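K.L.:
3D model of this:
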Amino acid sequence: MADATEQTINLVLGENNSAILTPQWFITGKYAPVAAGYAPLINGERAFATIAKAIEQAQKSIDIITWGFQASMYFTRGSKGQAKRVGDLLEEAAGRGVKVRILVWYTLGGNKADPNFPGWQAAPRDFGYANMIAHASDGYRASGSQLPYQTPEDYEYDCQWHWEITIKKRGNGNIIIKHRELNWTNDAQEATERQTSHHVKEYGDIDYIQGRLLALYPTHHQKVILVDYEDPDDAVGFVMGHNSLSTYWDKDSHSETQLPAYLGRDGNTAWQDNSSCVCGAILAHINHNFVEAWEKNVGNDAELSQRMSLTESDHKFTEHRMEKINNRLINAVTVDGMIPLKKVMAQICRTQPQYNEFDVLRLYKHTLVRARKYIYIENQYFRYPPFVALLQDAINERVKEGYDIEQNPLYLFVVTNSSSDAAIHAGSYQTYKMLEALQRPDMVPNYHRKEHKLGEDDAVVAGAIPGIKSHICTLISPDSTTPWRSVYVHSKVMMIDDTFMTLGSSNVNLRSMLFDSEFNIAIQDTDMTNIIPPIRQHLWNMHTKQAGDNFDKEFKNWSDIIDENKRLQDSDIPTTPVASLIEFFDGNKTWKNMD
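P.N.:
Residues are numbered from 1 along each chain as shown. The predicted model follows:
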């Protein structure tokens with residue numbers, strides 16, 4: 001890469017003798033952009049192996065905020081001897097004197113609908129209050145239910161682990177695990193008020209049922225880990241899409257084969273997800289988020305309060321610190337395709353309704369209109385219709401700048417889910433509205449017929465917004481034979497023009513933008529680094545088996561794969577796909593508008 005061009009910038013200082021320089025991709029939000037080290041952790045095998053290394057090396061503290069936590073989950077897998085549960089890893093760290101704090105979102109209603117905290121509040125069957133707790137293992141009762149794919153032995157481990165943490169038989173009293181929820185006194189009131197906010201009015205299409213569900217049943221959806229913040233030379237953080245639940249562990253291969261948990265992917269379906277490893281001043285912002293959440297939901301903690309004296313300056317990015325983490329974590333993980341930490345500019349963006357922070361939404365609105373070549377969205381949900389208007393704004397800007405939008409279109413590549421899964425179907429009407437706005441009603445033909453009062457046999461054809469070429473796709477296991485098995489996409493990634501990227505816990509839906517608490521990191525490549533193109537190429541190689549930098553050719557390649565997989569899917573001969581990518585299609589005849 002050529003040397004960076006020196007630039008001279010003339011500044012007019014303000015009354016306080018200062019000036020603020022903000023890169024165009026970043027917003028003016030709660031947290032300012034800072035120099036940071038950043039490494040992608042694509043899929044669970046890489047993410048959990050790297051976190052396991054960090055836990056094994058921890059000397060001071062481990063702070064975890066997550067939506068779901070399973071103590072029996074194997075973070076490392078491969079054989080009985082190699083496999084290591086996160087509960088054991090944390091117990092060993094606590095035995096070394098490391099203080100472990102874990103904060104998990106949990107409600108009784110959420111546990112019933114979608115269990116996320118197996119073994120929570122466990123006690124032996126014959127122990128007093130345990131008789132009032134419904135969910136039982138052989139030896140324990142617990143509030144946290146067994147996961148659908150979980151073995152009885154693993155659930156028994158979860159119950160025993162939580163009980164022995166409670167009575168301090170494990171962890172020397174150094175493991176503190178708490179749950180949090182958006183309560184019915186203050187937070188629910190604030191959420192209800194948000195139903196009439198200007199953001200919701202701008203969204204435009206939110207009916208009463210959807211509004212009440214979002215307002216009264218928001219969740220804490222953040223997924224962040226911070227290790228050894230007290231030691232700036234060794235501190236490391238993880239901004240994640242993954243929850244600490246076993247179904248989130250999978251390899252790039254996304255095989256249809258389900259294995260025992262200690263060997264490999266044990267969830268009911270293959271799982272696509274993304275997380276990241278970070279260092280530098282960004283850790284001060286991660287620490288602030290954790291301390292703020294802990295004090296609000298648990299109470300004051302003298303050690304955490306003291307830690308707040310360590311600032312961005314103490315944790316400032318240095319090449320030396322970054323290379324230390326590369327050597328002891330990233331390079332030490334024996335998984336092909338690890339991408340080391342590189343220097344970037346980074347910014348934390350949150351949805352934090354309790355504090356009137358909607359920086360994730362502001363980030364999307366700020367960056368989508370700046371796209372000039374391509375936008376890539378890999379997300380669990382694709383249902384925030386107002387974003388389509390921003391794409392139109394991006395096209396209008398291109399026209400003003402003299403682009404021939406027919407010869408130089410804006411490419412939109414999307415990988416998401418289309419399935420009968422209850423969580424996906426709950427917001428299917430908004431997905432329909434998103435695709436209708438993109439002029440792709442052919443992907444949801446029965447919804448289109450219903451909305452426009454057409455006959456069952458009336459044709460529904462694809463259209464296009466002038467200047468935008470789009471592929472909306474889902475994934476399937478590449479080794480499955482027809483009928484192909486879906487890969488569940490849980491990612492929360494957006495890339496623009498190989499220059500900007502955001503990743504974290506936020507989905508592309510109303511809930512993540514306005515109602516749940518969310519935590520994303522936004523990064524911009526510097527003149528001296530080039531990390532976003534390798535991340536995109538890695539993802540696209542998984543999905544299409546090839547990836548380049550010519551987006552005209554990439555768009556055609558996606559088209560060819562979609563067409564060939566359609567042909568194979570319609571064949572009477574059982575066969576495997578040419579690649580994991582297939583076109584999005586939802587043939588349901590009923591929709592829901594609850595998310």
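K.L.:
can I get the lengthiest helix in the chain as PDB, trimmed to CA atoms?
P.N.:
For the chain, the longest helix by residue count, based on DSSP state H, is helix 551-569. Written as PDB, here are the backbone C-alpha positions of helix 551-569 (Å, rounded to 0.1, in the frame of the first residue of the first chain):
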ATOM      1  CA  PHE A 551     -18.800  -5.200  -7.600                       C
ATOM      2  CA  ASP A 552     -20.200  -5.400 -11.100                       C
ATOM      3  CA  LYS A 553     -18.700  -8.900 -11.300                       C
ATOM      4  CA  GLU A 554     -19.700  -9.800  -7.800                       C
ATOM      5  CA  PHE A 555     -23.300  -8.900  -8.500                       C
ATOM      6  CA  LYS A 556     -23.300 -11.100 -11.600                       C
ATOM      7  CA  ASN A 557     -21.700 -13.900  -9.600                       C
ATOM      8  CA  TRP A 558     -24.500 -13.700  -7.000                       C
ATOM      9  CA  SER A 559     -27.100 -13.700  -9.800                       C
ATOM     10  CA  ASP A 560     -25.500 -16.800 -11.400                       C
ATOM     11  CA  ILE A 561     -25.500 -18.700  -8.100                       C
ATOM     12  CA  ILE A 562     -29.100 -17.700  -7.400                       C
ATOM     13  CA  ASP A 563     -30.200 -18.900 -10.800                       C
ATOM     14  CA  GLU A 564     -28.300 -22.200 -10.600                       C
ATOM     15  CA  ASN A 565     -29.500 -23.000  -7.100                       C
ATOM     16  CA  LYS A 566     -33.100 -22.300  -8.300                       C
ATOM     17  CA  ARG A 567     -32.600 -24.800 -11.100                       C
ATOM     18  CA  LEU A 568     -31.100 -27.400  -8.700                       C
ATOM     19  CA  GLN A 569     -33.800 -26.900  -6.100                       C
END
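K.L.:
next, the buried residues of that helix.
P.N.:
F551, E554, F555, N557, W558, I561, I562, N565, L568 (16 or more other Cβ atoms under 10 Å). (Glycine included, C-beta is placed from N, CA and C.)
K.L.:
does the third one really touch Y411, like I thought?
P.N.:
Yes: using Cβ atoms under 8 Å, F555 and Y411 qualify as a contacting pair, with a distance of 5.4 Å.
K.L.:
touching both of these two, which residues are there?
P.N.:
Counting by Cβ atoms under 8 Å, 6 or more residues apart in numbering, the common neighbours of F555 and Y411 are K469.
K.L.:
tell me how the protein divides into domains.
P.N.:
38-182+218-330, 351-510+525-583 (automatic domain parsing).
K.L.:
let's test this: mean pLDDT of the longest one, rounded?
P.N.:
Read it as domain 38-182+218-330. What domain 38-182+218-330 shows for mean pLDDT is 95.
K.L.:
now the shortest one
P.N.:
For domain 351-510+525-583, the mean pLDDT works out to 94.
K.L.:
now the terminal residues of it, how far apart.
P.N.:
In domain 351-510+525-583, first residue to last residue: 31 Å (Cα to Cα, to the nearest Å).
K.L.:
same deal with the first one?
P.N.:
Between the opening and closing residues of domain 38-182+218-330 lies a distance of 11 Å (Cα to Cα).
K.L.:
now swap in stretch 518-533 and tell me
P.N.:
Rule used - Cα to Cα; the end-to-end distance of stretch 518-533 is 25 Å.
K.L.:
could you list which residues are in contact with the residue minimising distance to the centre of the chain?
P.N.:
Centroid-nearest residue in the chain, with Cα atoms, centre = their mean: G241, separated by 2.7 Å. Neighbouring residues of G241 by Cβ under 8 Å, 6+ apart: K223, D273, N274, S275, H490, S491, K492, V493, L503, G504, S505.
K.L.:
that one and Y31: what is the separation?
P.N.:
For G241, the distance to Y31 equals 19 Å [Cβ to Cβ, to the nearest Å].
K.L.:
please apply the same query to T367.
P.N.:
Distance from T367 to Y31, by Cβ to Cβ: 16 Å.
K.L.:
repeat for L259
P.N.:
40 Å.
K.L.:
between the two, which is the more surrounded one?
P.N.:
Neighbour tally, L259 and Y31, criterion other Cβ atoms under 10 Å: the higher count belongs to Y31, 24 against 12.
K.L.:
for that one, phi and psi?
P.N.:
Per-residue torsions, Y31: phi -120, psi 140 (degrees, to the nearest 10).
K.L.:
shouldn't it be in contact with E357?
P.N.:
No: between Y31 and E357 there is no contact under Cβ under 8 Å: 9.9 Å.
K.L.:
following the strand or helix carrying A94, which helix or strand comes up?
P.N.:
If you go by DSSP states H and E, A94 is part of helix 86-95. Per DSSP H and E, the first helix or strand lying C-terminal to helix 86-95 is strand 99-105.
K.L.:
which parts of that following strand are buried?
P.N.:
Quick answer for strand 99-105 (16+ other Cβ under 10 Å): K99, V100, R101, I102, L103, V104, W105.
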